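# Sequence below, structure please.
(chains A and B)
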Amino acid sequence: MSTQSTTGPAAGRGMWRVVAEREVSTQVRSKAFLIQSGLLLVGLIGMVVLYTFLGDREQTSTVGVVDEISATAVDEASTIAQARDGNVVLDSTTYDDVDAAEDAVLAGDVDAALLPAASGEGYELVGDDSVSATITQSVSAAVSHLVTTANAAEQDVDLAALVSGAEVGQRLLDADADDAGLRQAASFIFVLLFYVTALTFGLTIAGSVTQEKESRVVEILAASVPIRALLWGKIAGASVLAIGQTVVLALAGVIGLVATGNLDALGVIGPAIGWYVVFFVLGFVALASLWSVAGALASRQQDLGGATAPLQIILFAPYLIAVTAGEGVRTVVSMLPVVSTMLMPARLAEGDVPAWQLAVAILATLMAAVLFVRLGARVYENNLLRTGNRISFREAWARRAPADA
Amino acid sequence: MLQAQSLSRVFGGLTAVDEVSFHVRPGRMTGFVGANGAGKTTTMRMLMGVLAPSSGSVTWNGSPIGAEDRRGFGYMPEERGLYPRMKLAEQLSYFARLHGFSRKDALSRADELLGFFGLDERRDDLLDNLSLGNQQRVQIAAALIHRPTALILDEPFSGLDPLAVDAMVELLQREAADVPVLFSSHQLELVERLCDDLVILSEGHVVAAGSVDELRSEREERYRVVLDGQDAAWLRDLRGVRVDDVDGATALLTLDGLEAAGLTRAVVERGPVLEVARVRRPLSEIFREVTR
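Reported below is the predicted structural model:
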């Protein structure tokens, strides 16, 4: 006795496309989808703008002075500070006397004041409760240089000869570390983005399956097309939407970086963005069938939370690992199927990943996708037409025996 | 022809449907009646293949039915089900497309059926916003959308006013005049009016099946005799009949050996007669009798 779940030879084939089309057209017009996409887009562009704003803003610190030499020292300190950190500029404001300068410090008009020391020998840097390290170090160096030069001239010493060979140059072995902030931000965004996208679209799939069960339209659907076609259609539809959204977001990120003139940043994380799309496709498709199954296990929307809980954990665990785990654990875990979707792009954003690790991650996810889809199809077929209470996973797995289903 | 052969279905320890056999002939409306819980819905779901039978089989035109055959059927499940938040025309054309209609054909077919029910102006309304009666019309339209090769309708008329029933019957006659139609119902007068054939189910068993006429004539034949003026009590003494009831000049009797012609002759010989008529027994009576 054949049931509707048996795939027929000719008709019903290709019907998954019709199902997928409905999924897409329904979703694209739903407010929830539009709002979620809009929020993600705004959030992402906000991040890019924020990065640009924070990264490129010149910080001008003002130092109060009372004499010509100090003003020169501040100018020189500004040059030193800029060499140390491209975005810091020091400026001097001249006051009539020490009291006026100190008042300005207290009032917050200036960040610090460079004043002749009360002892009469040398200078002191006066702040209200603290003086920033950049100001202290650059001003100290500048004063020291100026005074040494002056003293040398006074003592008739050839300063150049005196300091010859004392310069300490700089050679960077890990120039990338300069982008550490950017890389970490990008890695965090990848993890978060996959978590949010996979979860929302996953719940959408499960919800749409449950809705069909709840509204009983599933009996009509099952009488019209093979159940497998329904499953494929759902997976295809949701994947198209999720991948489409991801590509749009990735493009928005790239365009945002280009538009804000962050071409260097694009060079750093661009490849990771590309990999993210690749891993996303694999990871999402692998999970999609499981979300459909979760939907088929719930008979009503209220049961959906319980039925999807295991999947939410599957997604949340790597999220936690990504954020908290140490290097070694992350390396191993990042090659696991699905988890790799979150961790690999993150690792790629943070630095180089050996090619073999990428290959292992992709293969593992591919294999998992095939396995999940096959298992998913079986459980989905077994349970789609069952109604009543939420079905336990054990019950769901067992072949539907006609005697007691 | 659609045939159920010894279909049985056991739920847990309970046998809901037990060795049920009957056939649904093309071009005839077959009524499927039975008390609540008699097993009608379970049987129909097994015919549609959305429920696997514990034993027995279904044949279509003489061979075991396949998924392909069933996909040609139109089905109206007991628990109505459509997409509540989908526009009517879009929804119906979706079902048509699932049956392989092109986008264009699907839409024109959807509009055709909506037009029949006068719902064409509401084609872009959500199903949810329709009255229950109109939702039911859309449901039957969904069952007919692909010009089905057979129809399995579970309580298609429940909750409809008489005019809506007439409209739906008219549509069925137009759309499914030459295919087997099986529909279940509690409204026996309706079944009587519409059906050519009847299957009566009781506690999971078929207790009667056949054409409505056959079922009637298989039973004893009843006549009503109305005499002109005289008391009808003397009929109790007539041989070959059993008098069920006498009320003045009117008697209700069952033939028990005597032919109809013999009865007429005997009555006329005795005096003036106003009426000797065969009583068409209401289906409800047959139903009560066989399910007793």
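# quick one, strands of chain A?
Under the criterion DSSP state E, chain A contains strands at A:59-65, A:88-94, A:112-116, A:123-126.
# where does the chain dip in pLDDT?
In the absence of a named chain, chain A is used. For chain A, applying pLDDT under 70 flags the ranges A:1-13, A:55-58, A:84-87, A:167-180, A:322, A:387-405.
# Chain B is the one I meant
B:218-220.
# So for B:D228, which of the strands of chain A sits nearest?
B:D228 lies closest to strand A:59-65 among the strands of chain A, at 121.4 Å (CB to CB). C-beta here means a position set from N, CA and C on the backbone, and glycine is covered the same way.
# ok, how many other residues are close to the closest residue to B:D196 other than its chain neighbours?
Nearest residue to B:D196 in three dimensions, chain neighbours excluded: B:R28, at 4.0 Å (CB to CB, 6 or more residues apart in numbering or on different chains). Neighbourhood size, B:R28 [other CB atoms under 10 Å in any protein chain shown]: 17.
# Surely B:R28 is in contact with B:P180?
Yes. Counting by CB atoms under 8 Å, B:P180 is a contact partner of B:R28 at 7.2 Å.
# So which residue is smack in the middle of chain B?
With distances taken as CA atoms, centre = their mean, chain B has B:G31 as the residue nearest its mean C-alpha position (2.0 Å).
# Tell me where the stretch 251-400 of chain A has helices.
Assigned by DSSP state H, counting those that start in this stretch, the stretch 251-400 of chain A shows helices spanning A:263-297, A:304-324, A:327-333, A:339-350, A:355-383, A:393-397.
# Can you say which of those is nearest to chain B?
Chain B lies closest to helix A:355-383 among those, at 11.1 Å (CB to the nearest CB).
# The closest one: which residues count as buried?
Residues A:357-358, A:361-362, A:364-365, A:368-369, A:372-373, A:376-383 are the ones in helix A:355-383 that count as buried (16 or more other CB atoms under 10 Å in any protein chain shown).
# and chain B, which of the residues you listed reach it?
Near chain B, taking CB under 8 Å from any CB of the partner chain as the test, no member of the buried residues of helix A:355-383 is found.
# Now B:Y75: closest residue in space that isn't a chain neighbour?
A:A223 (4.6 Å).
# who touches that neighbour in this structure?
Contacts for A:A223 (CB atoms under 8 Å, 6 or more residues apart in numbering or on different chains) come out as A:Q4, B:M48, B:G49, B:V50, B:R70, B:R71, B:F73, B:Y75.
# Taking those, tell me the two that lie furthest apart.
B:V50 and B:R71 (12.0 Å).
# Next to chain B, which bits of the stretch 151-300 of chain A? Give me the list.
So far as CB under 8 Å from any CB goes, the stretch 151-300 of chain A lies against chain B at A:211-212, A:215-226.
# For chain B, what is the nearest residue in chain A?
A:R216 (2.8 Å).
# Relative to the whole chain's centre, how far out is the helix or strand that contains the residue nearest to the centre of chain B?
Using DSSP states H and E, B:G31 maps to strand B:29-34. Remark: strand B:29-34 is offset 3 Å from the chain centroid, using CA atoms, centre = their mean, to the nearest Å.
# Okay, now the sheet partners of it, with direction.
Strands that pair with strand B:29-34, judged by DSSP bridges, come out as strand B:181-184 (parallel), strand B:197-202 (parallel).
# Can you name the residue of the stretch 101-250 of chain B nearest chain A?
B:A142 (6.4 Å).
# ok, that residue - contacts?
By CB under 8 Å, 6+ apart, the residues touching B:A142 are A:I220, B:M76, B:L82, B:Q91, B:L92, B:F95.
# Filter the residues you listed down to the buried ones and hand me the ChimeraX line.
Selecting only the buried entries of the contacts of B:A142 in ChimeraX, with 16+ other CB under 10 Å as the criterion:
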select /A:220 /B:76,82,91,92,95
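# Which ones among the contacts of B:A142 map onto strands?
Short answer: the contacts of B:A142 in strands (DSSP E) are B:M76.
# Closest one of the contacts of B:A142 to A:Q184?
Closest to A:Q184 out of these is B:Q91 (48.9 Å), distances taken as CB to CB.
# wait, doesn't that closest one sit right on B:L82?
Yes. Using CB under 8 Å, B:Q91 is in contact with B:L82, at 6.1 Å.
# Which residues are in contact with each of those two?
B:L127, B:V138, B:A142.
# and the first one, how many neighbours does it have?
What it means is B:L127. 22.
# For the closest residue to B:R236 other than its chain neighbours, give me its contacts.
Excluding the flanking residues, the one nearest B:R236 by CB to CB, 6+ apart is B:V243, at 4.9 Å. B:V243 is in contact with B:L235, B:R236, B:A251, B:L252, B:L253, counting by CB under 8 Å, 6+ apart.
# Just those residues: which are in strands?
Among those, DSSP E puts B:A251, B:L252, B:L253 in strands.
# Please identify which of those residues is nearest to chain A.
B:L252 (46.6 Å).
# Report the secondary structure state of the closest residue to the closest one other than its chain neighbours.
Closest residue in space to B:L252, ignoring its immediate chain neighbours: B:D245 at 4.3 Å, by CB to CB, 6+ apart. Look at B:D245: counting by DSSP: H, G, I helix; E, B strand; the rest coil, its state is strand.
# ok, how many other residues are close to B:D245?
The number of residues near B:D245, taken as other CB under 10 Å, comes to 10.
# quick one on the thing from earlier: please report phi then psi for the residue of chain A closest to chain B.
phi 70, psi 0 (degrees, to the nearest 10).
# about what we covered before: where does the residue of the stretch 101-250 of chain B closest to chain A land in three-state SS?
Put simply, B:A142 is helix when judged by three-state DSSP.
# that older thread, bridging residues for the residue nearest to B:R236?
Under the criterion used (DSSP bridges), B:V243 bridges to B:L253.
# picking up where we left off before, ok, of the contacts of A:A223, which one's closest to B:E289?
B:M48 (30.3 Å).
# And the closest one, how far from A:L203?
Remark: distance between B:M48 and A:L203 (CB to CB, to the nearest Å) = 31 Å.
# who's more crowded, those two?
Using other CB under 10 Å, the more surrounded residue of B:M48 and A:L203 is B:M48, with 25 against 18.
# show me the contacts for B:C195.
B:C195 sits next to B:M29, B:T30, B:G31, B:V212 when contact means CB under 8 Å, 6+ apart.
# I'd like the distance from it to B:S185, if you could.
9 Å.
# hey, what's in contact with both of those two?
Each of B:G31 lies in contact with both B:C195 and B:S185 under the rule CB under 8 Å, 6+ apart.
# In the stretch 51-200 of chain B, which residue sits closest to chain A?
Using CB to the nearest CB, the single residue of the stretch 51-200 of chain B nearest to chain A is B:G81, 2.8 Å away.
# show me the contacts for the closest residue in space to that residue that isn't next to it in sequence.
Counting by CB to CB, 6+ apart, the nearest residue to B:G81 once its immediate chain neighbours are dropped is A:R216, at 2.8 Å. Residues counted as contacts of A:R216 (CB under 8 Å, 6+ apart) are B:P77, B:E79, B:R80, B:G81.
# at 10 Å what do you get?
A:T387, B:P77, B:E78, B:E79, B:R80, B:G81, B:L82 (CB atoms under 10 Å, 6 or more residues apart in numbering or on different chains).
# Check those for burial and list the buried ones.
Looks like the contacts of A:R216 have B:P77, B:E78, B:R80, B:G81, B:L82 buried, using 16+ other CB under 10 Å.
# Now list whatever residues contact both of B:R28 and B:P180.
Common neighbours of B:R28 and B:P180 (CB under 10 Å, 6+ apart) are B:M1, B:D197.
# Residue 21: what's it in contact with?
Since you didn't name a chain, this refers to chain A. A:G233, A:A236, A:G237, A:V240, B:Y94, B:R97, B:R103.
# Chain B was what I was after
Counting by CB under 10 Å, 6+ apart, B:S21 touches B:Q3, B:A4, B:Q5, B:S6, B:L7, B:G56, B:V199, B:V206, B:A209.
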